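Trainee: sequence first, then the predicted structure:
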Amino acid sequence: MGCADLLDDTMEEKRKRFSTGHYAGNKWGGKYLRAPDIFYTILEKGKGKLVELGKLADVKFGTKTGVNEFFYIDKEKEGKWKIENGFLKPVIKSPKESNQILVDIHSLKLRLFMCGKSKEELKGSNALKYIEWGEKQKTKDGTKWCNVPSVSGRKNWYDISDRRPSLLNFNYLINEYGITFYGEVFASDNLHQIFTKSDIDLYLNSTLHWLFQNLFGRVSFGGGLLKIQAFELKKTYVLEVRNNKIREKLYMRGCKSLFEEIGIDPTKPIREQEPNPLPDRAELDNIIFDELGLTKEERKEVYWAVCELVQQRLSKATSLKK
């Protein structure tokens, strides 16, 4: 389904919503119930410009090892086993491991054990010693690691060398907003890997994409966490943005809270405030807003809408907890 097709679908749903007082429902689920009007404006102005992510990129669930205790190597285990460097790959296991968009592989705490060789080929190596140690270890229920169903079907239970590192990795469990990390590393199943040759990483870290995240995702975890599955991420819309100066400024600094990034005080009425985004965020957003032809008021609407959606989601979770 293209942008124009979705627009026709969404506008029809919008008419139904206001004319009948209820939502008729379709395959897109309850997104329209919480979609602000600016969503439809963006789709209208984005005709022929916005493209589904899935048409520009291959989006895959991150690496599911089957036995994390074996495949993730920390500094202590690396020092103990002295596994050859060729079998240890940089990996981001949790979004918390990087406090900025640009992933510094040297600061990552873990390495991924990746070996595509047979035991015969590994003779005399520390990697083989580690594999043989792993084959003696058991899960809490007494199953040997090598016999765990998720790994036992492989030709060599320890072999996950079919996985590839990706330049873009998106954390799909979202508190305030999802980050698309930049840096060629392997990723755990806490992230989605995005394989593409298009310059879409800046857009994926824009405020406009935060809006789409909150509309296409689903609240299915405690604390108001939003989850976006791979097929949902593929349906979000993107633009190509080429600007190395903004990438350098935005990606090297630490990630702030959504409200600090946008310049809104969440303790005060959102629409009584003038959005004041951080300079590099404003610079990126304005490139996208200009491309879509958004007016000054429509740009404010994007900022207000994102803040409202996040505030409502997190506030609801807090009130339910109480």
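Mentor: Perfect, thanks for sending it.
Trainee: how deep is the nearest residue to Leu314 once chain neighbours are set aside tucked in, by neighbour count?
Mentor: The shortest distance from Leu314 to any residue other than its chain neighbours is 4.5 Å, reached at Gly224 (C-beta to C-beta, 6 or more residues apart in numbering). In short, each C-beta sits where N, CA and C put it, glycine included. Under the neighbour criterion other C-beta atoms under 10 Å, Gly224 is assigned a count of 20.
Trainee: with the one 3 residues further on instead?
Mentor: For Lys227, the number of neighbouring residues by other C-beta under 10 Å comes to 14.
Trainee: pretty sure it contacts Gln213?
Mentor: No - applying C-beta atoms under 8 Å as the test, Lys227 and Gln213 come out as separate, 10.4 Å apart.
Trainee: what's the pLDDT at Arg218?
Mentor: According to the predicted model, the pLDDT of Arg218 comes to 83.
Trainee: quickly list what the residue nearest to it when sequence neighbours are not counted is bridged to.
Mentor: In this structure, Arg218 finds its nearest non-sequential neighbour in Lys227, 5.6 Å apart by C-beta to C-beta, 6+ apart. When assigned by DSSP bridges, Lys227 has beta-bridge partners Leu173, Arg218.
Trainee: list of residues touching stretch 244-261?
Mentor: Contacts of stretch 244-261 from elsewhere in the structure, counted by C-beta atoms under 8 Å, 6 or more residues apart in numbering, are 99-102, 176-177, 179, 182, 201-202, 205, 207, 210, 265-266, 277-278, 280-281, 283-284, 287, 306-307, 310.
Trainee: one more: stretch 111-126?
Mentor: Residues from elsewhere that reach stretch 111-126 (C-beta under 8 Å, 6+ apart): 63, 65, 70-73, 78, 81-84, 87-91, 127-128, 130-131, 156, 158-161, 163, 186.
Trainee: take these and keep only those in strands.
Mentor: 72-73, 88-91, 186 (DSSP state E).
Trainee: out of the residues you listed, who's nearest Ala57?
Mentor: Distance to Ala57 across the ones in strands among the contacts of stretch 111-126 (C-beta to C-beta) is lowest for Phe186, with 17.3 Å.
Trainee: how many neighbours does that closest one have?
Mentor: Neighbour number of Phe186 under other C-beta under 10 Å is 24.
Trainee: for it, which non-adjacent residue is spatially closest?
Mentor: The spatial neighbour of Phe186 that comes closest, neighbours along the chain excluded (C-beta to C-beta, 6+ apart), is Val91 at 4.2 Å.
Trainee: right, and that neighbour touches Tyr72 too?
Mentor: Yes - counting by C-beta under 8 Å, Tyr72 is a contact partner of Val91 at 7.2 Å.
Trainee: hey, what's in contact with both of these two?
Mentor: By the contact definition C-beta under 8 Å, 6+ apart, Val91 and Tyr72 are jointly contacted by 110-112, 188.
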